[in-house]
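Participant: take a look and give me a structure for this.
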Amino acid sequence: MSTENLSSVLNDELTPEEREQGYIQDDAGLTNTFAVEPEPYAAEPKWGFNQFAETFSGRVAMIGFDLLVLTELVTGKGIIHTIWG
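Facilitator: Here you go, the predicted structure:
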């Protein structure tokens with residue numbers, strides 16, 4: 001296809017957004033859509049090291065540490081003396 005033919009094909013009434021979405025215009029001036037491949041994505045893993053698991057375990061650790069400090073403040077003893085003391 002020569003450059004002249006290409007420019008005449010692209011000289012249609014489609015907006016750049018429509019061209020980007022996969023719309024084309026045929027010789028009769030009809031707008032058609034050809035198959036546009038969807039964007040691939042990776043599904044979030046349900047087990048193992050993922051963002052949710054790391055955030056959740058970090059929050060549980062912070063709550064546990066706060067409870068440890070609160071226990072020491074209330075009883076006046078360390079956690080080991082509280083358990084085995």
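Participant: low-confidence ranges in the chain?
Facilitator: 1-12, 14, 32-38 (pLDDT under 70).
Participant: report the contact partners of residue 55.
Facilitator: Counting by C-beta atoms under 8 Å, 6 or more residues apart in numbering, residue 55 touches no other residue. Just so you know, the C-beta spots here come from the backbone N, C-alpha and C atoms, and that holds for glycine as well.
Participant: quick check: it vs residue 61, distance?
Facilitator: Distance, residue 55 to residue 61, by C-beta to C-beta, to the nearest Å: 11 Å.
Participant: with residue 29 instead?
Facilitator: In terms of C-beta to C-beta, residue 29 sits 65 Å off from residue 61.
Participant: likewise residue 18?
Facilitator: Counting by C-beta to C-beta, the gap from residue 18 to residue 61 is 52 Å.
Participant: between those two, which one's more packed in?
Facilitator: residue 18 (15 against 10; other C-beta atoms under 10 Å).
Participant: and the more buried one, that's in a strand?
Facilitator: No - using DSSP: H, G, I helix; E, B strand; the rest coil, the assignment for residue 18 is helix, not a strand.
Participant: what's the spacing between it and residue 29?
Facilitator: 14 Å.
Participant: please apply the same query to residue 79.
Facilitator: In terms of C-beta to C-beta, residue 79 sits 80 Å off from residue 29.
Participant: next secondary structure after the helix ranked longest in the chain?
Facilitator: The longest helix of the chain (DSSP state H) is helix 51-75. Per DSSP states H and E, helix 51-75 leads on to helix 79-84 as the next helix or strand towards the C-terminus.
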